[in-house]
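> let me see the structure of the following:
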Amino acid sequence: MPTPKFSQLEKQVIAAIQGDMPITERPYLAIAERLGVTEEAVLETLESLDRRGIIRRFGATLRHQRSGFRANAMVAWRVDEARIDAVGSRMATFSAVSHCYRRNPTEAFPYNLYTMVHASDEVTCREIARKMAAATGETEYALLFSRKELKKISMQYFPNLLPKPLEG
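Below you'll find the predicted structure:
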């Protein structure tokens, strides 16, 4: 597969979305202002990168312990494939859930839907999983508790292409 060619704006947008997003009502406008382009140009660039499969995932990293959560459990669910979208959509509505995604099951680990649950303690994590099971009718699951937080880093693409932040 040939290496994709990127415009200068595409490279700058990719670099801009890799770090912390501006905490504002319109984060893409803040990025656009930093890059000296319109918000529409940033959004169109992101949509194009998504359509072309260059961007496959765009998500937040929650630093659980820093956020005050003392218990975190990956709940692995065994869900009928015909129901996985509906079940995943319902589970994602729980406020304690930060991640909800599908993975291919294996013979050794037959679960195909994963939810990351955050709470003040393990007992509460278990209760949230029970409520999720009751809300969806899914009863085959395993809780995998986080015992320590590992270093979370992402790849950095085009890191030197961003203008310096404005002083102010």
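> which residues in the protein form strands?
With strands called from DSSP state E, the chain shows them at 71-77, 97-102, 113-119, 141-145.
> please identify the buried residues of the shortest one?
Buried residues in strand 141-145, defined by neighbour count with 16 or more other C-beta atoms under 10 Å: residue 141. Yep, even glycine has a C-beta here, placed from its N, CA and C like the rest.
> ok, it: who's next to it in the sheet?
strand 71-77 (antiparallel) (DSSP bridges).
> what angle sits between the lengthiest helix in the chain and strand 113-119?
When the chain is parsed with DSSP state H, its longest helix is helix 122-136. When axes from the mean of the first three to the mean of the last three C-alpha atoms, to 10 degrees is applied, the directions of helix 122-136 and strand 113-119 differ by 140 degrees.
> who are the packing partners of helix 122-136?
Secondary-structure packing of helix 122-136 (3 or more C-beta pairs under 8 Å, 6 or more residues apart in numbering; DSSP states H and E): strand 71-77, helix 84-91, strand 113-119, strand 141-145.
> alpha carbons only: can I get the shortest one in PDB?
Provided in PDB are the C-alpha atoms of strand 141-145 (Å, rounded to 0.1, in the frame of the first residue of the first chain):
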ATOM      1  CA  TYR A 141     -19.800 -10.800  31.400                       C
ATOM      2  CA  ALA A 142     -16.500 -10.600  33.300                       C
ATOM      3  CA  LEU A 143     -15.100  -7.700  35.200                       C
ATOM      4  CA  LEU A 144     -11.400  -6.900  34.800                       C
ATOM      5  CA  PHE A 145     -10.200  -4.400  37.400                       C
END
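> picking up where we left off before, can I get the helices and strands packed on helix 122-136 in CSV including distance to residue 22 and mean pLDDT?
Listed next are these as CSV, based on distance: least, C-beta to C-beta, whole Å; pLDDT from 0 to 100:
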stretch, distance to residue 22, mean pLDDT
strand 71-77, 26, 92
helix 84-91, 28, 96
strand 113-119, 24, 94
strand 141-145, 33, 94
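> JSON lines please, covering the ones you listed and showing distance to residue 42.
As requested, those are exported to JSON lines (distance: least, C-beta to C-beta, whole Å):
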{"stretch": "strand 71-77", "distance to residue 42": "33"}
{"stretch": "helix 84-91", "distance to residue 42": "28"}
{"stretch": "strand 113-119", "distance to residue 42": "29"}
{"stretch": "strand 141-145", "distance to residue 42": "37"}
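> between the ones you listed, which one is closest to residue 19.
Residue 19 lies closest to strand 113-119 among the helices and strands packed on helix 122-136, at 21.7 Å (C-beta to C-beta).
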